[in-house]
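Engineer: Sequence unavailable; structure follows:
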Ligand code: ATP
Ligand code: MG
């Protein structure tokens, strides 16, 4: 799958943008707040109808404008497709595939498969279980339309059951009808548990080697699905929790309370991981997801990497860039040093300045020559520092000798 081009009108800080991507690696670089992430967000929006930042449509529409338009041309199985989004200030967005408006946004799922890594993905590990459930659900919904169906049914039943629990507080007779929702809750809930279980199992098979490679064999990453209930004890636990459910007026057990743990060399990095470790683990999961998408839907997803190189040490950067493989990738960064430093090949490069593309393919301008010159400068500074500390070392040693003598 390849994103051929993206067109934006009145989208965040872009009044008008038309950008064509190459099939390989595309780099968007520029200073902070110029609009690099906005481009990735727009692509993500075309795949999922949602902003990866959780922004509302009215926040995306350019300040002082009424609406914005996004158009993506993509190639899928050698056929060109067009996705159009029409975002409005106070109305639901319009979505069309190949010019035909779709009725339900879920019809868009599967059209454009993306693996997105953003700085916010750190929160998958750092924050509470809700973030990790969101990760599981988002990934699974992209891969499996049936899961999306189970999930929305489960959430609907959970809401209905909650309403009934409140009503029972006023009218105890209604307790006799609770079993209807319990059965539905278990029916859909068990499907969620099974699917999540299988997903984590498959992800684990892939993530272990990827993470080992990224960390130069230093770290072994294992994911553990921590279901709140299993398919076999759901019923007993739901019954046991009845009094608590009635007094708190919420459902206390079920997959809406699941969690996922991340162990590195046996240590739970949700609590004890360093920032770089957490970031690398989140990244390993995303890279594993690429393989999973490839094997499940027999299609290469598009990889979006937002500001991924910061906080990774040079070794991890190089490993990451060399392990992306043969899929279309769009990377944002603030400088180009990392790429040249890692001897990394790229196909297209865009300099983003204040909502415009200032230049395209200026990779030639950032030549190996310039890189070599920078390296030379760096090493001469290092040399200088070294010789001054050596001298400092010598004189203090001499001083010590004198003191002792
Ligand atoms: P960084 O390197 O810091 O991540 P970036 O290049 O990724 O920066 P973006 O997040 O893509 O930056 O863009 C941020 C810019 O978009 C900001 O200047 C912000 O003011 C602007 N912006 C955000 N929403 C809107 C909007 N609705 N209308 C106009 N401009 C907006
Ligand atoms: Mg950004």
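Structural biologist: Done, it's in. Just so it is clear, the structure is predicted and the values come from calculations on it, not from any experiment. Numbers count the residues shown, from 1 in each chain. Ligands and ions are numbered 1, 2, ... in the order given.

Engineer: The protein against ligand 1: which residues are in contact?
Structural biologist: Taking C-beta under 6 Å from any ligand atom as the criterion, the chain approaches ligand 1 at residues 12-13, 30, 32-38, 59-63, 307, 332, 334. Every C-beta, even on glycine, is put in place using the N, C-alpha and C of the backbone.

Engineer: how close does residue 311 sit to ligand 1?
Structural biologist: Distance, residue 311 to ligand 1, by C-beta to the nearest ligand atom, to the nearest Å: 13 Å.

Engineer: and that residue, what does it touch?
Structural biologist: By C-beta atoms under 8 Å, 6 or more residues apart in numbering, the residues touching residue 311 are 275, 276, 279.

Engineer: Name the SS class of it, please.
Structural biologist: Following DSSP: H, G, I helix; E, B strand; the rest coil, residue 311 is assigned to coil.

Engineer: Torsion angles phi and psi at it?
Structural biologist: Main-chain torsions, residue 311, degrees, to the nearest 10: phi 70, psi 0.

Engineer: circling back to that earlier point, for ligand 1, state which of the contacts of residue 311 is nearest.
Structural biologist: Here the nearest of the contacts of residue 311 to ligand 1, counting by C-beta to the nearest ligand atom, is residue 279; it sits at 15.3 Å.

Engineer: What about that closest one, how many residues nearby?
Structural biologist: Residues lying near residue 279 (other C-beta atoms under 10 Å) number 22.

Engineer: Hmm, residue 123 and it touching each other?
Structural biologist: No - look at residue 279 against residue 123 with C-beta atoms under 8 Å: they stay out of range, at 10.7 Å.

Engineer: Run through the stretch 251-400 of the chain and note the low-pLDDT ranges.
Structural biologist: Residue ranges of the stretch 251-400 of the chain with pLDDT under 70: 338-345, 362-375, 378, 389-400.

Engineer: returning to that earlier point: in helices, which of the residues of the chain next to ligand 1 appear?
Structural biologist: Of the residues of the chain next to ligand 1, the ones assigned to helices by DSSP state H are 36, 37, 38, 59, 60.

Engineer: Out of these, which end up buried?
Structural biologist: Buried members of these, counted by 16 or more other C-beta atoms under 10 Å: 36, 37, 38, 60.

Engineer: excluding its backbone neighbours, what's nearest the third one?
Structural biologist: Same thing as residue 38. Leaving aside its sequence neighbours, residue 38 sits nearest to residue 12 (C-beta to C-beta, 6 or more residues apart in numbering; 4.4 Å).

Engineer: Model confidence at the one you found, what's the number?
Structural biologist: As predicted, residue 12 sits at a pLDDT of 98.

Engineer: Contacts only, for it.
Structural biologist: Listed by C-beta under 8 Å, 6+ apart, the contact set of residue 12 reads 35, 38, 41, 60, 62, 355.

Engineer: contacting residues around the fifth one?
Structural biologist: Residue 62 is in contact with 10, 11, 12, 13, 14, 15, 68, counting by C-beta under 8 Å, 6+ apart.

Engineer: Quick check: phi and psi at it.
Structural biologist: Here is the backbone geometry of residue 62 (degrees, to the nearest 10): phi -50, psi 140.

Engineer: from the contacts of residue 12, which is closest to residue 115?
Structural biologist: residue 41 (14.8 Å; C-beta to C-beta).

Engineer: For the closest residue in space to residue 234 that isn't next to it in sequence, give its distance to ligand 1.
Structural biologist: Once flanking residues are discounted, residue 234 sits nearest to residue 186: 5.3 Å by C-beta to C-beta, 6+ apart. The gap separating residue 186 from ligand 1 is 43 Å, by C-beta to the nearest ligand atom.

Engineer: Tell me the pLDDT of residue 186.
Structural biologist: The model reports residue 186 with a pLDDT of 98.

Engineer: what's around it, how many residues?
Structural biologist: When neighbours are counted by other C-beta under 10 Å, residue 186 comes out with 19.

Engineer: quick one: pLDDT of the residue of the stretch 101-250 of the chain found nearest ligand 1?
Structural biologist: Using C-beta to the nearest ligand atom, the single residue of the stretch 101-250 of the chain nearest to ligand 1 is residue 119, 7.8 Å away. We note a pLDDT of 85 for residue 119 in this prediction.

Engineer: Could you do the one 10 residues further on as well?
Structural biologist: Reading off the per-residue confidence, residue 129 sits at a pLDDT of 96.

Engineer: next one: the one 3 residues further on
Structural biologist: Each residue has a pLDDT score; the one for residue 132 is 95.

Engineer: With adjacent residues omitted, what lies nearest to it?
Structural biologist: When the adjacent residues along the chain are set aside, residue 132 lies closest to residue 260, with 4.4 Å between them (C-beta to C-beta, 6+ apart).

Engineer: The one you found looks like it's in a helix, true?
Structural biologist: No - secondary structure of residue 260 (three-state DSSP): strand, not part of a helix.

Engineer: And residue 86, its phi and psi?
Structural biologist: Main-chain torsions, residue 86, degrees, to the nearest 10: phi -130, psi 110.

Engineer: Just confirm it contacts residue 66, I think it does.
Structural biologist: No - Residue 86 is not in contact with residue 66 according to C-beta under 8 Å; the separation is 11.0 Å.

Engineer: Among the two, which residue is more densely surrounded?
Structural biologist: residue 86 (18 against 12).

Engineer: Would you mind measuring from the more buried one to ligand 1?
Structural biologist: The gap separating residue 86 from ligand 1 is 16 Å, by C-beta to the nearest ligand atom.

Engineer: same thing with residue 95?
Structural biologist: Computed as C-beta to the nearest ligand atom, the residue 95 to ligand 1 distance reads 20 Å.

Engineer: give the contact list for that residue.
Structural biologist: By C-beta under 8 Å, 6+ apart, the contact set of residue 95 is 49, 83, 84, 85, 86, 101, 102, 105, 108.

Engineer: Appreciated, that's everything.
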